[in-house]
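*Asks:* Provide a 3D model corresponding to the input given below.
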Amino acid sequence: MSVEFTVYKGSASEGIVQATTNHPLPKGNQVLPRGRRHREQIGESVTDLKVGDVVGWGYIHDVCGKCEECLHGDDQYCRNKEQYGDSNHHQGSFGSRAIWNADWLYKVPAGLKPEHAAPLMCGGATVFGVIETYNIRPTDRVGVVGIGGLGHLAIQFLAKMGATVVVFSSTESKREEALKKLDVPELDHLIVTASFLPNWQLYVARPC
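*Replies:* Below is the predicted model of the structure:
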């Protein structure tokens with residue numbers, strides 16, 4: 001048996017296009033979420049999620065679990081990973097349903113709206129991973145370059161955990177927000193969330 005659902009995805013010449021996908025019903029560790037990310041059906045091996053849960057997912061859909069990177073906990077660097085844009089093209093960017101590995105679906109807590117949880121699945125996970133990987137602690141002074149999608153989440157995570165945050169932005173409209181944090185002269189860490197390499201001489205005491 002299979003399930004049919006509508007997906008929307010980009011194309012080379014027609015912009016966003018609508019398509020129909022047929023996929024076998026979930027089995028093993030697979031899950032079938034429907035629109036608004038509620039869990040509709042689960043495979044027989046799924047244990048941590050149940051039908052009716054609200055779930056979200058991020059950039060990566062699956063990894064091999066066997067390579068050196070996976071075994072060291074750096075599965076985002078798995079050379080055989082399935083990720084947005086590179087695999088599962090039949091499912092599209094948006095759709096009425098999807099079929100995913102349960103290990104890469106995350107239960108959204110009650111009271112947290114899906115539209116508020118969604119940014120945490122990609123941008124939020126990206127900056128939180130940096131905070132954990134480099135063992136940034138509440139006693140640290142951390143600079144954040146850029147107050148965009150990644151930057152504003154990094155600032156919130158760091159502030160909530162008690163770290164002292166120094167914000168850098170080249171956007172004039174964000175001057176007032178940034179100046180509130182520019183009173184610490186020395187940093188323990190610098191997180192760059194800009195879409196381009198900054199002029200490092202503006203951030204270090206000696207030229208690189």
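*Asks:* CA atoms for contacts and neighbours, from now on please.
*Replies:* Noted.
*Asks:* just the residues contacting the longest helix seen in the chain, thanks.
*Replies:* Counting residues, the longest helix found in the chain (DSSP state H) is helix 149-161. Applying C-alpha atoms under 8 Å, 6 or more residues apart in numbering, the contact partners of helix 149-161 are 123-124, 126-128, 137-138, 142, 144-146, 164-165, 167, 192-194.
*Asks:* check contacts around residue 117.
*Replies:* 56, 108.
*Asks:* what is the mean pLDDT for the strand or helix carrying it?
*Replies:* Element membership for residue 117 (DSSP states H and E) is helix 114-119. For helix 114-119, the mean per-residue pLDDT is 89.
*Asks:* what's the first helix or strand after that helix?
*Replies:* helix 125-133.
*Asks:* list the buried residues in that following helix.
*Replies:* 125, 126, 127, 128, 131 (16 or more other C-alpha atoms under 10 Å).
*Asks:* kindly report the same for stretch 53-61.
*Replies:* 53, 54, 55, 56, 57, 58, 59, 60, 61.
*Asks:* which residue is the nearest non-sequential neighbour of the third one?
*Replies:* Sequence neighbours aside, residue 107 is the residue nearest to residue 55 in space, at 4.5 Å (criterion: C-alpha to C-alpha, 6 or more residues apart in numbering).
*Asks:* hmm, residue 51 and the one you found touching each other?
*Replies:* No - with contacts counted by C-alpha atoms under 8 Å, residue 107 stays clear of residue 51, the gap being 11.3 Å.
*Asks:* which of these two has more residues huddled nearby?
*Replies:* The residue with more neighbours, out of residue 107 and residue 51, is residue 107; 17 against 13, by other C-alpha atoms under 10 Å.
*Asks:* and the gap between the spatially most central residue of the chain and residue 60?
*Replies:* Closest to where the C-alpha atoms of the chain average out (C-alpha atoms, centre = their mean) is residue 122, at 1.2 Å. Residue 122 is 9 Å from residue 60, where distance means C-alpha to C-alpha, to the nearest Å.
*Asks:* also residue 147?
*Replies:* Distance from residue 147 to residue 60, by C-alpha to C-alpha: 24 Å.
*Asks:* returning to what we had before: contacts only, for the residue nearest to the centre of the chain.
*Replies:* 57, 58, 59 are the contacts of residue 122 under C-alpha under 8 Å, 6+ apart.
*Asks:* give the closest residue to the first one in space, chain neighbours not counted.
*Replies:* So that's residue 57. Closest to residue 57 by C-alpha to C-alpha, 6+ apart is residue 105, at 4.9 Å.
*Asks:* and the one you found, how many neighbours?
*Replies:* When counting by other C-alpha under 10 Å, one arrives at 22 neighbours for residue 105.
*Asks:* isn't it right next to residue 56, touching?
*Replies:* Yes - the pair residue 105 / residue 56 is scored as a contact, 5.7 Å apart, by C-alpha under 8 Å.
*Asks:* after the lowest-mean-pLDDT helix or strand in the chain, which helix or strand is next?
*Replies:* Each helix and strand of the chain was given a mean pLDDT (mean pLDDT, DSSP states H and E); the minimum falls on helix 175-179 at a mean of 61. Sequence-wise, the next helix or strand downstream of helix 175-179 (DSSP H and E) is strand 189-192.
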